[in-house]
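Engineer: Next one to model:
(3 chains)
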Amino acid sequence: MFPKNTWYVAARSEEVEAKPLGRQICGEKIAFYRGLDNKVCAVEDFCPHRGAALSLGYVEAGNLVCGYHGLVMGCDGKPVSMPMQRIQGFPCIKSYPVVERYGFLWVWPGEAEKAQESLVPTFEWCDNRKWVYDGGLYHIGCDYRLMIDNLMDLTHEAYVHAGSIGQPEIDLAPVNTTTDGDMVITSRYMNNIIAPPHWQAALRANGLPDQQPVDRWQVSRFTPPSHIMIDVGVALAGKGGYEADPQYKASSTVVDFITPETETSHWYFWGMARNYKIDDAALTEAIREDQGRIFHQDLDVLEAQQRNIQSHPDRKLLMLNIDTGGVQARRIIDKMIRSEREEAMEEA
Amino acid sequence: MFPKNTWYVAARSEEVEAKPLGRQICGEKIAFYRGLDNKVCAVEDFCPHRGAALSLGYVEAGNLVCGYHGLVMGCDGKPVSMPMQRIQGFPCIKSYPVVERYGFLWVWPGEAEKAQESLVPTFEWCDNRKWVYDGGLYHIGCDYRLMIDNLMDLTHEAYVHAGSIGQPEIDLAPVNTTTDGDMVITSRYMNNIIAPPHWQAALRANGLPDQQPVDRWQVSRFTPPSHIMIDVGVALAGKGGYEADPQYKASSTVVDFITPETETSHWYFWGMARNYKIDDAALTEAIREDQGRIFHQDLDVLEAQQRNIQSHPDRKLLMLNIDTGGVQARRIIDKMIRSEREEAMEEA
Amino acid sequence: MFPKNTWYVAARSEEVEAKPLGRQICGEKIAFYRGLDNKVCAVEDFCPHRGAALSLGYVEAGNLVCGYHGLVMGCDGKPVSMPMQRIQGFPCIKSYPVVERYGFLWVWPGEAEKAQESLVPTFEWCDNRKWVYDGGLYHIGCDYRLMIDNLMDLTHEAYVHAGSIGQPEIDLAPVNTTTDGDMVITSRYMNNIIAPPHWQAALRANGLPDQQPVDRWQVSRFTPPSHIMIDVGVALAGKGGYEADPQYKASSTVVDFITPETETSHWYFWGMARNYKIDDAALTEAIREDQGRIFHQDLDVLEAQQRNIQSHPDRKLLMLNIDTGGVQARRIIDKMIRSEREEAMEEA
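Structural biologist: Numbers count the residues shown, from 1 in each chain, chains lettered A, B, ... in the order given. Prediction:
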């Protein structure tokens, strides 16, 4: 259950260079590659000649060449040529709107004619010289919505990530969920606490004392179909918290792009954007490694949850106040799916 | 096809210490853990909050804490608390009667109200200072009843275990099967033979000559639902065989607890109990290693048999005299399943 | 979809020596072994006693002994004996006609009474002192007919095997397909070209210059059910090509036996036969390694093609002139299947 007439992150830019990349997005098997002027293209991963996977082929003169018998496929899904063959009558394959932005390939897996580049979302850290971003990709065997639940309720940090970003005070601070159009915002503020290990390190990196009380915040922002930006940080206590002057705080944005592969698996693009010490490549690398390790702790939990839910499809799960963020996000997703269906029926 | 209102061995005691253990028994996914005073508890491995696997959590103050969002689950399947939440309206999960005896956790996967601790079986070697026990656990991809067949017909030793406990004389000695209430007994006596390698070593360990003729016995005792104790041994020929005075013999009890996981897989708790040189830890270890190696030879045979039976579900297998032990044991199991169904229908 | 009343290659001779071999051929699980005088036998891999896999047993006095309880099975599928048992009433299992020829075991997986040894095919290199053969076996997860397509259209060499036997000129040379009874022949001739690396090495091995223009040929001959012999070679340009005198050429026969395992997997016996330097064992070994490496490149392509076809069962693939060889071969296979069905209906 996922909307398809929308932009999803399909890959990190560096995943598609000279070689094509085959990846399934929202049930569609797609071959991504770089055409003329390095422009990204996306076509069905199915050669109309004999069904070979085009992603096993190579790029020549901006076109994707099938690695089995040399059919040359155009970016628009129309065969261009094939040695010694007339290709006029050859069937076309689907092509997918795809754009490259902010270090990612964004794909529109649904009806191509509805795609508009202007709908690719943007965020404060994107193409912003004051920010630096790095991250990674995990393949996770669960419904992508379980990951949305996970990130819209950071209560789990106290349990899954105890010893790094988790701390008991998370449980004691009330969580607040609001919506703003199609955006869902879940926030939690913990004042006058001692920072957990991950944030102590960040304080030190900013030249701040790490054993002094701080105000800590977590603000998760969901936007459709499944992007979640989380403002996280700590400021020396009493300096204004989230609003404190930069000299008193350490803060970042956790970047989460969650892309369905199938109904029960997804691609999780995780990362961190920050606007301090942006030229410190060693720090960037240290953060990426640390985050990669911490975020990996969610995999077992989520995959076991998926198995449990599949073996008890009838059980209703609870929807507590801490779950409101996920619940509201699912409502927006459901609305998108419904309206896609209605449009499809009207068009039929 | 397995009875559920009965006690099964779920784990060896040392498998559940500080960390909980998740294990499927008779189709039920169960989280085992140690509560107050080290007492074992067993609840469904499904957090009523969001379906997380409780076995991935931890124990605190005698309760199992969900590792995802901190729901505290009681031993009775009733939620105890959750940070910042009122848990009165939370649904309960199943809890399972479980007791610890003789180094094992015994679980009753069926209707809890029918469980009686007095029904946990006991055997001569259990809690008996004159005996020592050690063993291991194998997960096997076949119907647990194929393992019962295997152990109630030791003819296979001559083939599967040639070179250790198998010997050609096994084939020549008639097998005898009797029943005593719900117990099925299969016995085979081989007189005036030379012991096979495993028993030659046991004779030496008892200070007896290993190249002299012996009388050998194998007496398998099945009790429901799927426990099989096998008295095995050799005595110097003509000294009374099974009844011989201890000074003339080497004997042991093979201990087999066979617990269904699903219809086509089971947990096999194998081990050996003996009443000689019980303080010789090196001997205990040597026997365990030897037995582990020998019993592992059955795995391939049983899993291939399972695949063959599944691909030919219509074929009737033969029931020879050597198979009578397994056949009788299955009759008792079938009777238990039937009576569970009748009770369920009466109660409905 | 495969004919069953026909001979398939089941194994290379050296795969069945002292130990039996269990292998599935056309959906039939078969135990192959060597009986009296080393004669190969093939029976169902299912012991009629308890369903154990006979291939896990051993051979004694020319019979296959079940490794579970010692049932002795005859080559004709009739139980011979079992310790302490009367086997008169025991059910029989299927036995399969099997013959050993040219270093292979050939099995007839269908109706045994229709098998005739005279129908085992023969080829020029078979039992021919002027030729030497070596090869190997791959298990491939795709319909065996995709491999037939692959070998009846060598256009793919230019893509899958670029850098060894592929070269751009392949694409430019027209392909020609003819049939001769049940034989399908696809040929391609490339004149006055420079040989690709594999053939340069062969020219050198024959004491011929490797940088001089050559005439190259590829002649694939399909015979039912799924044997393909490919005459391949190069001759110094203008010396007669395929018909050139041996002193001017380097040539070989690629030997392909393609045996269905299931509907979506097959056994691929690949190899090379040559009639020059036949005593040069090092050359034989070098060719085998080279061919093994090159032919392995097809696996990924074919298995991805299988997945694509399975997820789009409705799509019609193209049938171009280069595909004619595969199309014709499938017609012959379809005809065999149809006639098997008609015979079965007449007999019923």
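Engineer: For the longest strand along chain A, name the packing helices and strands.
Structural biologist: In chain A, assigned by DSSP state E, the strand with the most residues is strand A:249-262. Contacts defined by 3 or more C-beta pairs under 8 Å, 6 or more residues apart in numbering or on different chains; DSSP states H and E place strand A:249-262 against strand A:8-12, strand A:21-25, strand A:132-140, helix A:144-152, helix A:197-205, strand A:227-236, strand A:265-274. Yep, even glycine has a C-beta here, placed from its N, CA and C like the rest.
Engineer: quick one: furthest residue from the center of chain A?
Structural biologist: With C-alpha atoms, centre = their mean as the measure, chain A has its most outlying C-alpha, relative to the mean C-alpha position, at A:Met84: 43.8 Å.
Engineer: number of nearby residues for the closest residue to it other than its chain neighbours?
Structural biologist: Once flanking residues are discounted, A:Met84 sits nearest to C:Asp171: 6.3 Å by C-beta to C-beta, 6 or more residues apart in numbering or on different chains. Using other C-beta atoms under 10 Å in any protein chain shown, C:Asp171 is surrounded by 19 other residues.
Engineer: who touches C:Asp171 in this structure?
Structural biologist: A:70, A:83-84, C:155, C:158 (C-beta atoms under 8 Å, 6 or more residues apart in numbering or on different chains).
Engineer: what about the closest residue to A:Tyr268 other than its chain neighbours, distance to chain B?
Structural biologist: Leaving aside its sequence neighbours, A:Tyr268 sits nearest to A:Tyr138 (C-beta to C-beta, 6+ apart; 4.5 Å). Using C-beta to the nearest C-beta, to the nearest Å, A:Tyr138 is found at 18 Å from chain B.
Engineer: Now chain A against chain B: closest residue?
Structural biologist: A:Asp171 (3.5 Å; C-beta to the nearest C-beta).
Engineer: doesn't that residue fall inside a helix?
Structural biologist: Yes. Under DSSP: H, G, I helix; E, B strand; the rest coil, A:Asp171 sits within a helix.
Engineer: pLDDT score for it?
Structural biologist: In the predicted model, A:Asp171 carries a pLDDT score of 80.
Engineer: Could you measure from it over to B:Arg86?
Structural biologist: 14 Å (C-beta to C-beta, to the nearest Å).
Engineer: And for A:Cys26?
Structural biologist: Counting by C-beta to C-beta - A:Cys26 and B:Arg86 are separated by 39 Å.
Engineer: Not counting sequence-adjacent ones, nearest residue to A:Gln200?
Structural biologist: A:Asp210 (3.9 Å).
Engineer: can you count the residues close to that neighbour?
Structural biologist: Neighbour count of A:Asp210, defined by other C-beta under 10 Å: 18.
Engineer: Phi first, then psi, for it.
Structural biologist: phi -110, psi 0 (degrees, to the nearest 10).
Engineer: Now do the contacts for it.
Structural biologist: A:Asp210 touches A:195, A:200-201, A:203-204, counting by C-beta under 8 Å, 6+ apart.
Engineer: Tell me the residue of the stretch 101-250 of chain A that sits nearest chain C?
Structural biologist: Taking C-beta to the nearest C-beta, the stretch 101-250 of chain A has A:Pro109 as its residue nearest chain C, at 15.3 Å.
Engineer: try the stretch 151-300 of chain A
Structural biologist: A:Thr262 (11.4 Å).
Engineer: That residue: what's it in contact with?
Structural biologist: A:24, A:27.
Engineer: rewinding a little: just the buried ones from the contacts of A:Asp210?
Structural biologist: Using 16 or more other C-beta atoms under 10 Å in any protein chain shown as the burial test, these include A:195, A:200-201, A:203 as buried.
Engineer: one step back: can you give me the pLDDT of the residue nearest to A:Tyr268?
Structural biologist: Reading off the model, A:Tyr138 has pLDDT 98.
Engineer: What's the separation between A:Met319 and A:Gln328?
Structural biologist: 10 Å.
Engineer: cool, A:Arg129 as well?
Structural biologist: 34 Å.
Engineer: Please say which of those two ends up with more neighbours.
Structural biologist: Using other C-beta under 10 Å as the criterion, A:Arg129 and A:Gln328 rank with A:Gln328 on top: 20 against 7.
Engineer: where's the more buried one, which helix or strand?
Structural biologist: helix A:324-347 (DSSP states H and E).
Engineer: buried ones in that helix?
Structural biologist: Under 16+ other C-beta under 10 Å, the buried positions of helix A:324-347 are A:324-330, A:332-333, A:336-337, A:340.
Engineer: what two of the buried ones among the contacts of A:Asp210 are the furthest from one another?
Structural biologist: A:Ala195 and A:Ala201 (9.0 Å; C-beta to C-beta).
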